[in-house]
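S.K.: Below is the sequence, then the predicted model.
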Amino acid sequence: MPLSEDKQLEAIVRGFANHHRIALLRLLADQPGLTLDACAKGLHLNVKTASGHLRELTLTGLVDKTPDGRSVHHALTERGQAAADFIDALRDG
């Protein structure tokens, strides 16, 4: 049975309902294409923590991963950019 639209939205919001994931969204909005190591370094997180949060953002459709040889680059999807814009609107509001 498919999720209702409201439950789908709830899953998306839960996907970024964490201060580290919010920071990752904002970082990737400013610097698309970062690797896991660059994300971790940019937010002063260990790689394992950053990896878990990026995985959650990817599973909820907010971040895309693009392999490039031995590296993987991360960028916001359209939905991820909308979430980052929403976060900025709440901060500025």
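M.R.: Right, received. Where do you want to start?
S.K.: residues contacting Leu25?
M.R.: When contacts are counted by CB atoms under 8 Å, 6 or more residues apart in numbering, Leu25 is found next to Phe16, Leu57, Leu62, Val63, Leu76, Gly80, Ala83, Ala84, Ile87. From N, CA and C alone the C-beta is placed, and that goes for glycine too.
S.K.: which residue packs closest to the last one, ignoring adjacent ones?
M.R.: Right, Ile87. Leaving aside its sequence neighbours, Ile87 sits nearest to Ile22 (CB to CB, 6 or more residues apart in numbering; 5.8 Å).
S.K.: Count the neighbours of the one you found for me.
M.R.: By other CB atoms under 10 Å, 17 other residues sit near Ile22.
S.K.: same thing with Asp37?
M.R.: 12.
S.K.: How about residues contacting the helix or strand encompassing it?
M.R.: Assigned by DSSP states H and E, Asp37 falls within helix 36-43. Contacts with helix 36-43, where a contact means CB under 8 Å, 6+ apart, come from 20, 23-24, 27-28, 31, 34, 45-47, 49-51, 54, 72, 74.
S.K.: Mind checking which of those residues are in helices?
M.R.: His20, Ala23, Leu24, Leu27, Leu28, Val47, Thr49, Ala50, Ser51, Leu54 (DSSP state H).
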